[in-house]
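**Student:** My questions are about this predicted structure, shown below with the sequence.
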Amino acid sequence: METVFTSNIKLVLLKHFGKNADDVFEKSQLIQYINQKTRSANKGSKARSSFNALYSIYTLVEDYIAHNYHVKGDYSIYEGAKYTQLLKRARTLPFGSTVQNHSFNNRTNDEFRKYDKSLIPILRDTQTKHYWINENLLKVKTGKTNTNIAKVIIEIIDEYAKTKQDSFQRFVKTCEELQEFGRKTPKKVESFIIGLLAPNVDARLFEIVSYSILKYFYHDQQIIWGFEMDKLNTEKLKLYKTGRTNANDGGIDFVMKPLGRFFQVTETLDFKKYFLDIDKIQKYPITFVIKSTDPTQDLLKRIRDKASKTYSIKTIVNRYMDCIEEVINIPTLNDRFSDAVKQGYLNKILDEIVTQSKIEFNYEFLDKEAE
């Protein structure tokens with residue numbers, strides 16, 4: 001499969017293997033997998049990235065090279081890399097701050113099986129928590145020669161990260177330019193933000209934009225509460241972002257004070273994911289913000305129908321479905337954005353997007369890299 005980043009991969013291979021570059025590209029299952037995972041490289045900040053999977057491979061190949069196994073030695077007797085060191089290293093890489101353990105433990109291998117059922121890239125000992133790259137995937141036969149592609153794998157993933165860095169830097173700079181001139185061209189700012197509410201938007205960016213819109217949609221709404229009728233409090237609703245996107249935080253992305261509402265942003269319609277999030281918070285009511293343009297009733301029906309095929313007892317399905325307090329889809333976010341704009345919060349929403357994006361995408365780190 002040819003993607004927009006395929007040409008970048010082939011340029012790296014051409015530099016290392018000359019006339020054998022295409023042969024290496026076609027024969028290497030690992031490069032074919034990376035080719036699939038890097039298809040978002042030149043699609044700008046809107047396209048979803050795959051750094052979890054790529055960095056689990058990257059850190060293991062890097063460890064392999066650090067011990068010189070790409071040149072000599074018997075890798076089969078190597079004691080393996082420690083999981084804690086691999087995860088720590090992955091989180092120092094560009095966009096790697098939220099890399100999670102599942103990419104090392106099963107997800108990368110499961111995804112790889114879709115392309116090649118005979119091999120998996122990550123080998124591990126669950127008792128010692130030591131890990132290895134599958135060396136068979138680092139050796140490609142070209143003609144009569146076995147070629148080790150370890151260093152090439154590192155170079156390809158580095159190139160992908162650099163390309164994504166460039167696209168996110170352009171995104172943040174565009175936001176900053178709109179901040180500067182937005183008061184003169186509000187329609188341009190509106191169109192820009194609406195363009196970020198789309199099914200193909202990067203999952204982290206969609207969460208940031210959703211939060212920024214909902215924060216100011218609820219901003220002026222008030223509730224009256226108290227413990228005694230003659231001592232009631234009037235308080236505005238405040239939405240808080242609980243941490244980094246894609247973080248292993250128990251499934252809570254936003255929390256609203258003082259109502260105590262929970263919000264979870266998702267792009268999947270796998271009912272197991274919804275039910276898992278509900279279980280994590282002990283069936284506390286939760287609102288799902290879904291990256292979909294489908295009507296909310298259709299989304300709920302699809303979740304219920306899929307769950308009913310697994311759970312034959314309606315009571316179980318109903319108990320979970322009753323925990324879904326509200327579903328917010330892309331059209332709903334558009335409506336709430338329009339309401340927030342009417343209240344005069346357009347520039348504040350843009351400011352929030354810039355602030356959260358700089359935190360999420362390690363913008364200070366990217367600036368230092370560019371120096």
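**Tutor:** Received, thanks.
**Student:** Tell me where the stretch 151-300 of the chain has helices.
**Tutor:** If you assign secondary structure with DSSP state H, counting those that start in this stretch, the helices in the stretch 151-300 of the chain sit at 186-195, 203-217, 271-280, 296-310.
**Student:** now Phe31, what's its secondary structure?
**Tutor:** If you look again at residue 31, you'll see it is Ile, not Phe. Using DSSP: H, G, I helix; E, B strand; the rest coil, the structure places Ile31 in helix.
**Student:** so who does it touch?
**Tutor:** Ile9, Leu13, Val24, Phe25, Ile149, Val152, Ile153, Ile156 (Cβ atoms under 8 Å, 6 or more residues apart in numbering). C-beta coordinates here come from the backbone N, C-alpha and C atoms, glycine included.
**Student:** Just the pLDDT at the closest residue to Tyr216 other than its chain neighbours, thanks.
**Tutor:** For Tyr216, ignoring the flanking residues on the chain, the nearest one in space by Cβ to Cβ, 6 or more residues apart in numbering is Tyr345 at 3.9 Å. The predicted structure scores Tyr345 at 95 on the pLDDT scale.
**Student:** was I right about Tyr345 contacting Ile213?
**Tutor:** No - under the criterion of Cβ atoms under 8 Å, Tyr345 makes no contact with Ile213, lying 9.0 Å away.
**Student:** Between the two, which is the more surrounded one?
**Tutor:** Ranked by neighbour count (other Cβ atoms under 10 Å), Tyr345 and Ile213 place Ile213 first, with 30 against 21.
**Student:** which residues does the more buried one contact?
**Tutor:** Ile213 makes contacts with Ile193, Leu333, Arg336, Phe337, Ala340, Ile349, as judged by Cβ under 8 Å, 6+ apart.
**Student:** Look up how far Gly195 lies from the residue nearest to it when sequence neighbours are not counted.
**Tutor:** Distances taken as Cβ to Cβ, 6+ apart put Phe337 closest to Ile213, at 4.7 Å, once the chain neighbours are dropped. As judged by Cβ to Cβ, to the nearest Å, Phe337 and Gly195 stand 12 Å apart.
**Student:** May I ask which helix or strand encompasses Glu352?
**Tutor:** When elements are assigned from DSSP states H and E, Glu352 belongs to helix 346-360.
**Student:** Does that helix pack against any helices or strands, and if so which?
**Tutor:** Secondary structure elements in contact with helix 346-360, counted by 3 or more Cβ pairs under 8 Å, 6 or more residues apart in numbering; DSSP states H and E, are helix 150-181, helix 186-195, helix 203-217, helix 330-342.
**Student:** again, only this time at 10 Å
**Tutor:** Contact partners of helix 346-360 among helices and strands, from 3 or more Cβ pairs under 10 Å, 6 or more residues apart in numbering; DSSP states H and E: helix 150-181, helix 186-195, helix 203-217, strand 238-241, helix 330-342, helix 363-370.
**Student:** circling back to that earlier point, more neighbours: Phe337 and Gly195, which one.
**Tutor:** Set Phe337 next to Gly195 and count neighbours by other Cβ under 10 Å: Phe337 wins out with 25 against 11.
**Student:** what residues are up against that one?
**Tutor:** Contacts for Phe337 (Cβ atoms under 10 Å, 6 or more residues apart in numbering) come out as 190, 193-194, 196-197, 209-210, 212-214, 216-217, 345-346, 349.
**Student:** For the residues you listed, which entry has the maximal number of neighbours?
**Tutor:** With neighbours set by other Cβ under 10 Å, the maximum within the contacts of Phe337 is found at Ile213, which has 30 neighbours.
**Student:** And that one, how far from Arg89?
**Tutor:** Distance from Ile213 to Arg89, by Cβ to Cβ: 36 Å.
**Student:** do Ile31 as well
**Tutor:** Distance of Ile31 to Arg89, computed by Cβ to Cβ: 22 Å.
**Student:** Next: Asp230.
**Tutor:** Between Asp230 and Arg89 the computed distance is 60 Å (Cβ to Cβ).
**Student:** Neighbour count for those two, which is higher?
**Tutor:** Each of Asp230 and Arg89 had its neighbours counted (other Cβ under 10 Å), and the higher figure belongs to Arg89 (18 against 5).
**Student:** What residues does the residue located most distally from the centre of the chain make contact with?
**Tutor:** Of all residues in the chain, Asp230 has its C-alpha farthest from the mean position, at 48.2 Å, by Cα atoms, centre = their mean. Going by Cβ under 10 Å, 6+ apart, Asp230 touches no other residue.
**Student:** With the one 5 residues further on instead?
**Tutor:** If a contact means Cβ under 10 Å, 6+ apart, then Glu235 has Gln222, Ile223, Ile224, Trp225, Gly226, Lys257, Pro258, Leu259 as its contacts.
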